[in-house]
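Participant: Attaching a predicted model along with its sequence, questions to come.
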Amino acid sequence: MSWDKVPVDLSDLRVLPEDNTLAGNRLITYRQAIHEAFAIALKQDPKVFLFGEGIDDPAGVFGTTLNLHKQFSKDRVFDTPICENTLTGIAIGASLAGMRPVLIHMRTDFLLVSMDQIINHAAKWKYMFGGKVNLPIVIRAIIGGGWGSAAQHSQPIQAIFAHIPGLRVVMPSTAYDAKGLLLSSIACPDPVMFIDHRWLFDYKDYVPEEAYLVPLGKPVLRRQGKDVTVITSSFMTAIALEAGKKLQDEGIDIEIVDLRTVKPIDAELIFSSVKKTKKAIVLDFGYAFCGISAEISSMITENCFSFLARPVERIALADVPTPASHVLEKEFYPNLENIICKIRKIAKGG
């Protein structure tokens, strides 16, 4: 089998329009959408297999892999020892042999022990061999606070992976996108870091039962407005939408751009929105320093400076490790109240 021409049985899936007009009236949760995407991929492509710590246990990674080992056998959905670096090496080797591995971690923190495999190997093979060798790997991990796991088990480190050439970083905010983006990630010929926020798992959305793809790298307009552009992703999009409803009552009309994929980013939608509203704020559930919010702010300043009525603002995490105390955690993470206050200040020119 030619390594640079690995057949993809998911390639005939269609891309649905961004306004979800074909989504129908089937309301399911984000976790169900992820589970459904895995089941479709396993059914349609015998080269796809899932592995990771605890994926066949009674919890099934927050329900997203629940009982898939019974449906598709333990040869294709299986638990692993705690050896993240080795697991990533196995994924790379399997990918080179023509398989489509999906490696699943409960938390992004666990990726830190396999950084050499991810950054020095998975991300670089395509470039080191002149584009003739692809590595179709999906590495899925989960972020999110509120579990009191503190500094070593609550780190939102998506910006680290977005910093690396050769890696794509996907962060859905809806069940519809989670299903379509996961199928696109599995069909992608390159390594994809697929990062879920656990607070989204119970959010519901209209999702087609059929298979479909959501393109990687294409932001979507979640809300039209005229006063302030809010650029966001993942769980922060849900907070932004709630802020939009409350600020509407005050006569403040915000426009929300959901990145969906934090790398790559087709920035035209961001730029056209900022040129219209002339004010922008970036929300990110990651660290502010050298983070995704900093990159988006820079892109806006470099490309829309003459349109801006004021500097781009950001809300992201402080430059300190995640606290263990629930009281301190509530202060550490951005919340609806401080997002509304910041946007209100921007809209009113404060």
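Facilitator: Thanks, I have it.

Participant: and the lengthiest strand in the chain, what's its mean pLDDT?
Facilitator: If you go by DSSP state E, the chain has its longest strand at strand 280-287. What strand 280-287 shows for mean pLDDT is 97.

Participant: for it, packing partners?
Facilitator: Judged by 3 or more C-beta pairs under 8 Å, 6 or more residues apart in numbering; DSSP states H and E, the packing partners of strand 280-287 are helix 158-162, strand 228-232, helix 234-248, helix 292-304, strand 313-317, helix 336-347. In this view, the C-beta of every residue, glycine as well, is placed from N, C-alpha and C.

Participant: how about 6 Å then?
Facilitator: Packing partners of strand 280-287 (3 or more C-beta pairs under 6 Å, 6 or more residues apart in numbering; DSSP states H and E): strand 228-232, helix 234-248, helix 292-304, strand 313-317.

Participant: so which of the ones you listed is the most packed in?
Facilitator: Of all those, strand 228-232 carries the top mean neighbour count, a mean of 30, counting by mean count of other C-beta atoms under 10 Å.

Participant: just to revisit the earlier point, between the helices and strands packed on strand 280-287, which one is nearest to residue 209?
Facilitator: helix 234-248 (23.5 Å; C-beta to C-beta).

Participant: contacting residues around the closest one?
Facilitator: 171, 173, 197, 199-200, 223, 230, 232, 254, 256, 258, 283, 285, 336, 339-340 (C-beta atoms under 6 Å, 6 or more residues apart in numbering).

Participant: quick one: residue 217 and residue 263 touch, right?
Facilitator: No. Taking C-beta atoms under 6 Å as the definition, residue 217 is not a contact partner of residue 263, at 7.9 Å.

Participant: on that earlier part again, derive a PyMOL selection command for the buried subset of the contacts of helix 234-248.
Facilitator: To isolate in PyMOL the members of those that are buried, counting by 16 or more other C-beta atoms under 10 Å, one can use:
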select buried, resi 171+173+197+199+200+223+230+232+254+256+258+283+285+339+340
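
Participant: from the contacts of helix 234-248, which has minimum pLDDT?
Facilitator: Among the contacts of helix 234-248, residue 199 has the lowest pLDDT, at 92.

Participant: Tell me who's in contact with that one.
Facilitator: 144, 235.

Participant: still on that earlier bit, export the helices and strands packed on strand 280-287 to JSON lines and tack on distance to residue 89?
Facilitator: Formatted as JSON lines, these follow (distance: least, C-beta to C-beta, whole Å):
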{"stretch": "strand 228-232", "distance to residue 89": "35"}
{"stretch": "helix 234-248", "distance to residue 89": "28"}
{"stretch": "helix 292-304", "distance to residue 89": "28"}
{"stretch": "strand 313-317", "distance to residue 89": "31"}
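
Participant: Of all the ones you listed, which one comes closest to residue 100?
Facilitator: It is, among the helices and strands packed on strand 280-287 and with distance given as C-beta to C-beta, helix 234-248, at 24.1 Å.

Participant: Quick check: which ranges of the protein have low pLDDT?
Facilitator: 1-24, 350 (pLDDT under 70).

Participant: Spatially central residue for it, please.
Facilitator: residue 171 (1.0 Å; C-alpha atoms, centre = their mean).

Participant: Residue 217 and residue 263: which is more packed in?
Facilitator: Higher neighbour count among residue 217 and residue 263: residue 263, with 22 against 16, using other C-beta atoms under 10 Å.

Participant: Write down the beta-bridge partners of the more buried one, one by one.
Facilitator: residue 169 (DSSP bridges).

Participant: where do the helices sit along the stretch 101-250 of the chain?
Facilitator: Shown for the stretch 101-250 of the chain, the helices assigned by DSSP state H, counting those that start in this stretch span residues 115, 125-128, 158-162, 175-187, 234-248.

Participant: Identify whichever of the ones you listed lies nearest to residue 36.
Facilitator: helix 175-187 (5.9 Å).

Participant: which outside residues touch the closest one?
Facilitator: 8, 10, 20, 23, 28, 30, 33-34, 36-37, 41, 100, 138, 170, 172, 192, 194, 205, 207, 212-214, 216, 260.

Participant: do stretch 110-121 as well
Facilitator: Here stretch 110-121 has contacts from 84, 85, 88, 89, 92, 141, 164, using C-beta under 6 Å, 6+ apart.

Participant: Neighbour-wise, give me the winner out of the residues you listed.
Facilitator: Busiest of the contacts of stretch 110-121 [other C-beta under 10 Å] is residue 88, holding 25 neighbours.

Participant: OK, contacts around that one?
Facilitator: 114, 117, 118.

Participant: Would you reformat these as CSV and include distance to residue 76?
Facilitator: As requested, the contacts of residue 88 are exported to CSV (distance: C-beta to C-beta, whole Å):
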residue, distance to residue 76
114, 22
117, 22
118, 23
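
Participant: What is the neighbour count of residue 131?
Facilitator: 9.

Participant: From residue 79, how far off is it?
Facilitator: Going from residue 131 to residue 79 by C-beta to C-beta, to the nearest Å gives 35 Å.

Participant: how about the contacts of stretch 110-121 in a markdown table, adding distance to residue 240 and secondary structure?
Facilitator: Formatted as a markdown table, these follow (distance: C-beta to C-beta, whole Å; DSSP: H, G, I helix; E, B strand; the rest coil):
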| residue | distance to residue 240 | secondary structure |
| --- | --- | --- |
| 84 | 33 | helix |
| 85 | 36 | helix |
| 88 | 33 | helix |
| 89 | 39 | helix |
| 92 | 36 | helix |
| 141 | 23 | strand |
| 164 | 27 | coil |
